[in-house]
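A.B. asks: need a 3D model of the sequence below.
(4 chains)
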2 protein chains.
Amino acid sequence: MDRGRSKDDEATGRPTLKTLAFMTGLGVTTVSRALKDAPEIGAETRRRVQLVAKQIGYRPNRAGVRLRTGKTNVISLVLNTEHEIMSFVSDIIYGVSEVIADTPYHLIVTPYSRSQDPLDPIRYLVETGSADGVIISRTQPNDPRARYMLERGIPFATHGRTDMGLIHPYHDFDNYAFAAEAVRHLAGIGRRRLALLAPPVELTYYRHTLNGFTDALSEVGASEIPFNTVSIDHSIEQIRMRTAQVMRRDVRPDGFISSAAAATLAIVAGIEDAGLKLGRDVDVVSKQSSELLHLFRRELLVVNENFRLAGAELARSVLGWIGGAAPGTLQSLSVPSKVQAYRHPN
Amino acid sequence: MDRGRSKDDEATGRPTLKTLAFMTGLGVTTVSRALKDAPEIGAETRRRVQLVAKQIGYRPNRAGVRLRTGKTNVISLVLNTEHEIMSFVSDIIYGVSEVIADTPYHLIVTPYSRSQDPLDPIRYLVETGSADGVIISRTQPNDPRARYMLERGIPFATHGRTDMGLIHPYHDFDNYAFAAEAVRHLAGIGRRRLALLAPPVELTYYRHTLNGFTDALSEVGASEIPFNTVSIDHSIEQIRMRTAQVMRRDVRPDGFISSAAAATLAIVAGIEDAGLKLGRDVDVVSKQSSELLHLFRRELLVVNENFRLAGAELARSVLGWIGGAAPGTLQSLSVPSKVQAYRHPN
DNA sequence: CCTATATACTGAAACGTTACAGATTGTCAC
DNA sequence: GTGACAATCTGTAACGTTTCAGTATATAGG
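C.D. replies: Next up, the predicted model:
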């Protein structure tokens, strides 16, 4: 039985199970089991091993574990490099980081571009076994990525829901409630002809938003001014131009609902291009992820969406699934705040 | 000699060197060398192996490589979860992704919070050998992280320069030129009493910005109104309040230079809180990373900083260093665009 | 005293890769 | 025909971990 530390150990300085085995006078197997509280290890031995491990700062070698067990201790966040430009992305990342901070998990960011099949990065991750869990966004009602991962049995969570009759973890913002509340608020201040700047049609929350919008419209008896030639994915310039166009018509909106803060800047610019005034001729309710819109125009009405929270929830869900929880119990919906008008600081 | 595919091979379906060895009738060693164009492999054998590998979609097992060689094929981007809030972060990530997309590298995001020693995450990465290269931001003149990594010989690149007489790769925006140009522009439109909203003092580019500011001030014969009780790291509310205060004084700035777009919103709010008007009573030159400031107020004067480019340059630098290039050749400085006034989109 | 059983530990093998130290050919010079 | 040498190929070991199939010791039952 050879329990010596090899030359290499001394060189890298990094302690391994072998080092611990040598120091404690035990075998590597025993040390390995002692560290993970296996039942067949004596209580004192267990304590002794764990003490020594803590003292010398032992950390399991990720490559060793991964090679042996297939466990990567990696969560992958899959991002579209082009759409996700208005950078709530960083908030999601921070939210995820927060949650995995005191776990052995690392966060890897897997990008894909517009030109690619969104399934490509997922396939890569699954085929190469590069992650224990995956987080995706831009979720669609019938999402091939979710279907694919369900088939392969790899844990994931989606930012946004699907609508395929399949159960999986998700976190979503209640966009139905957002749109409905926005309509009610606008109606409450006398607005009657409302336009919706919606998410792109292919995403699930397009429907949610639209349903909330139309349901509340009929509830309050207001009418819709069609504004569906643009979505929040369009460029600032396009949204601005289309807004100006619609505002120059005889029958024009007196209220807008915008699903994204950046787009709201463009809507307001368009309104002003048409010579009209925010708060007088028209009101705008917008989602925002940071508190900046009110600095932009005080007349704006805002609803906050917390992406950091979303990131944290998504991470919790994936970890939960990896940990064996039932996917159906790992779903959460974030309730929108009330529509907020500007209030001067103190 | 046993060249059979094991049960496990069949189960996971993922081809390994052993699979390739079996298919080609060669030994694993030969296959391994053939794939990396080793010289002692016959030309035909090499082609044959590579053909088969391509056909069956062989991908080296990362854990195997990492365990054997220590090479992780990972670049780590180290981020502060609190300061880096105004999310040019996503742009940097996209820039990095872009560059490493067709390399075997993965990007992992390593966060740290304000409370922690910034050296902590770096130590972790180095001690656990979790990455082949590191990218850090919030660089300081005397940066312990850069020093530490230089000592350990781990390749890295800094966003921003250091000033320790040590050579390492960096990418930086020329903030000296930015501040100087901003002063000249303001002087050119008749502004004489300028205030600077600077980066936090501990960061290297604070000095760069300040030097550009003061040098150009004396060059054009304008004067400084002290505004150093806040920095761009302060909260929106604090900046706004301090701006309002200084604008209510008898001798008040007629020009601002702002190092960050979010802070600029606060400055403008403060100006308006004091009952003054942008473009008439005071002009503001601001850096921005997306084209949104002009939607906010047309009177703003902007200079663009491209963080996506920064991310790409940083990635290129780290990869270059890993690839053996001299650190001194992997430094780049991004030249600011001219100060831009608003132009209506035709 | 012997056997059965539980307790506490152990070495060997394997995950997929690469480095090392050969081994097997064939060719050429003499 | 022999030795030297280059050109190709090869098995073994090792990286650090966990799992499998044990082994040794003590305790208890009869």
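A.B. asks: C-alpha only now, for contacts and for neighbours.
C.D. replies: Will do.
A.B. asks: flag every buried residue along the helix or strand containing A:Ala63.
C.D. replies: A:Ala63 is part of helix A:62-69 when elements are defined by DSSP states H and E. Of the residues in helix A:62-69, those scored as buried under the neighbour-count criterion (16 or more other C-alpha atoms under 10 Å in any protein chain shown) are A:62-64, A:66-67.
A.B. asks: now, which of those lie close to DNA strand C?
C.D. replies: Intersecting the buried residues of helix A:62-69 with the surroundings of DNA strand C, defined as C-alpha under 7 Å from any atom of the strand, gives A:64, A:67.
A.B. asks: B:Asp102: which of the buried residues of helix A:62-69 is nearest?
C.D. replies: A:Ala63 (22.7 Å; C-alpha to C-alpha).
A.B. asks: surely that closest one is in contact with B:Arg66?
C.D. replies: Yes: with contact defined as C-alpha atoms under 8 Å, A:Ala63 and B:Arg66 form a contacting pair (6.0 Å).
A.B. asks: same list (the buried residues of helix A:62-69) but as a markdown table, adding distance to B:Gly311.
C.D. replies: Supplementary listing: the buried residues of helix A:62-69 in a markdown table, determined by distance: C-alpha to C-alpha, whole Å:
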| residue | distance to B:Gly311 |
| --- | --- |
| A:Arg62 | 27 |
| A:Ala63 | 28 |
| A:Gly64 | 31 |
| A:Arg66 | 29 |
| A:Leu67 | 31 |
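A.B. asks: DNA strand C: which of the buried residues of helix A:62-69 is nearest?
C.D. replies: For DNA strand C, the closest of the buried residues of helix A:62-69 turns out to be A:Leu67, at 4.4 Å, with distances computed as C-alpha to the nearest atom of the strand.
A.B. asks: list the residues that contact that closest one.
C.D. replies: With C-alpha atoms under 8 Å, 6 or more residues apart in numbering or on different chains as the criterion, the residues that contact A:Leu67 are B:63-64, B:67.
A.B. asks: identify the residue spatially nearest to the residue of chain A found nearest chain B, adjacent ones excluded.
C.D. replies: With C-alpha to the nearest C-alpha, the shortest gap between chain A and chain B falls at A:Ile108, namely 4.2 Å. Beyond its immediate neighbours in the sequence, the residue positioned closest to A:Ile108 (C-alpha to C-alpha, 6 or more residues apart in numbering or on different chains) is B:Ile108, lying 4.2 Å away.
A.B. asks: for that neighbour, the count of nearby residues, please.
C.D. replies: For B:Ile108, the count of nearby residues is 24 (other C-alpha atoms under 10 Å in any protein chain shown).
A.B. asks: touching, it and A:Tyr105? I think so.
C.D. replies: No: the criterion here is C-alpha under 8 Å, and B:Ile108 misses it with A:Tyr105 at 10.7 Å.
A.B. asks: for DNA strand C, see how far away A:Ala244 is.
C.D. replies: For A:Ala244, the distance to DNA strand C equals 58 Å [C-alpha to the nearest atom of the strand, to the nearest Å].
A.B. asks: so who does that residue touch?
C.D. replies: Residues in contact with A:Ala244, defined by C-alpha under 8 Å, 6+ apart, are A:267, A:270-274.
A.B. asks: ok and the residue in the stretch 51-200 of chain A nearest DNA strand D?
C.D. replies: With C-alpha to the nearest atom of the strand, the shortest gap between the stretch 51-200 of chain A and DNA strand D falls at A:Pro60, namely 3.2 Å.
A.B. asks: would you map the strands across the stretch 201-346 of chain A?
C.D. replies: Listed in chain order, the strands of the stretch 201-346 of chain A (DSSP state E, counting those that start in this stretch) span A:223-224, A:255-258, A:283-288, A:301-304, A:331-334.
A.B. asks: which non-adjacent residue is nearest A:Ser289?
C.D. replies: Using C-alpha to C-alpha, 6+ apart and skipping residues adjacent in sequence, the residue nearest A:Ser289 is A:Glu305, 5.0 Å away.
A.B. asks: residues near the one you found, how many?
C.D. replies: The local packing count at A:Glu305 equals 22, with neighbours defined by other C-alpha under 10 Å.
A.B. asks: ditto for A:Glu151
C.D. replies: Counted with other C-alpha under 10 Å, the neighbours of A:Glu151 add up to 9.
A.B. asks: which of the helices or strands spans it?
C.D. replies: For A:Glu151, the element it lies in under DSSP H and E is helix A:144-152.
A.B. asks: report the distance from that helix to the chain centre.
C.D. replies: Mean C-alpha position of helix A:144-152 versus that of the full chain (C-alpha atoms, centre = their mean, to the nearest Å) differs by 18 Å.
A.B. asks: other residues contacting that helix?
C.D. replies: Contact partners of helix A:144-152, identified using C-alpha under 8 Å, 6+ apart, comprise A:118-119, A:122, A:126, A:155-156, A:158, A:168.
A.B. asks: in the stretch 51-200 of chain A, what residue spans correspond to helices?
C.D. replies: Counting by DSSP state H, counting those that start in this stretch, the stretch 51-200 of chain A has helices at residues A:62-69, A:89-100, A:119-127, A:144-152, A:175-188.
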